[in-house]
Each structure stands twice: as structure tokens, then as C-alpha cells.
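**Q** Give the three-dimensional model of this entry:
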Amino acid sequence: MLNSECNSGFEDRRRLTDSIEDKDLGAEQDMVMERILENIHNTPIGQVLKKIASLPGVRKEKVLDVRQQLTEGNYDLSERLDVALEKVLEDLET
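**A** Prediction:
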């Protein structure tokens, strides 16, 4: 008897879920998404995403060259890191 009561409860939940899924929520979701996209550039995260999108691509040759210099001990990481950090902070301020 307990087993049939559990099955009945699951059936009720499934019918409720199915009826909710059958409703047309597409238009409402589209309106919400449209509002988000209209305002995304006014948010801090939107501004960060815009900056990221404008960054140049990775130059593999340069990355490999720096890796080799690091392994050989010929790359002054602390000085170059400071310069890179300053550039990033300047870019974020503009």
C-alpha cells in the first residue's frame, strides 16, 4: 500500500510538471533576455566582457619564447610583471 501511495505522489508531480512545461513561456523569456542584453553594457561585468572581447589574440610564438627564457633563467619576471600589471590597471581605468 505504501508503494502505491508513493507512485501516486510521483504521478501527481509529473502531471504538474508536464502542465507547467506545456505553457508557452518563450515570449516572456525572450523579453527578459532582450532587457538583459540591452543593459549588459551598463553593468560592471558587461564592461569587463567588452574589454575582454577587444583584447588581441594570443601569439603562440611569443608565449613559447617566454617559456623558454623562463626555463633558462633569462627572463626577469618581477620587472615585467610590474609593467604588465600597470598596463592592465591603466586599461581598466579608461
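**Q** Could you look up the SS state of residue 63?
**A** helix (DSSP: H, G, I helix; E, B strand; the rest coil).
**Q** Now do it: how many residues are near it, please.
**A** As a burial measure, residue 63 scores 10 neighbours (other C-beta atoms under 10 Å). The C-beta positions use only the backbone N, C-alpha and C, and glycine is treated the same way.
**Q** Distance check, it against residue 54.
**A** Distance, residue 63 to residue 54, by C-beta to C-beta, to the nearest Å: 20 Å.
**Q** With residue 40 instead?
**A** 15 Å.
**Q** Give me the more crowded residue out of the two.
**A** Neighbour count, other C-beta under 10 Å: between residue 40 and residue 54, residue 40 has more, with 13 against 8.
**Q** Now do the same for residue 56: helix, strand or coil?
**A** Using three-state DSSP as the criterion, the local structure at residue 56 reads coil.
**Q** can you give me phi and psi for it?
**A** phi -70, psi 160 (degrees, to the nearest 10).
**Q** Counting neighbours, what do you get for it?
**A** For residue 56, the count of nearby residues is 5 (other C-beta under 10 Å).
**Q** try residue 83
**A** Using other C-beta under 10 Å, residue 83 has 9 other residues around it.
**Q** Read off the pLDDT value for it.
**A** Listed pLDDT for residue 83 reads 89.
**Q** element containing it, please.
**A** If you go by DSSP states H and E, residue 83 is part of helix 77-93.
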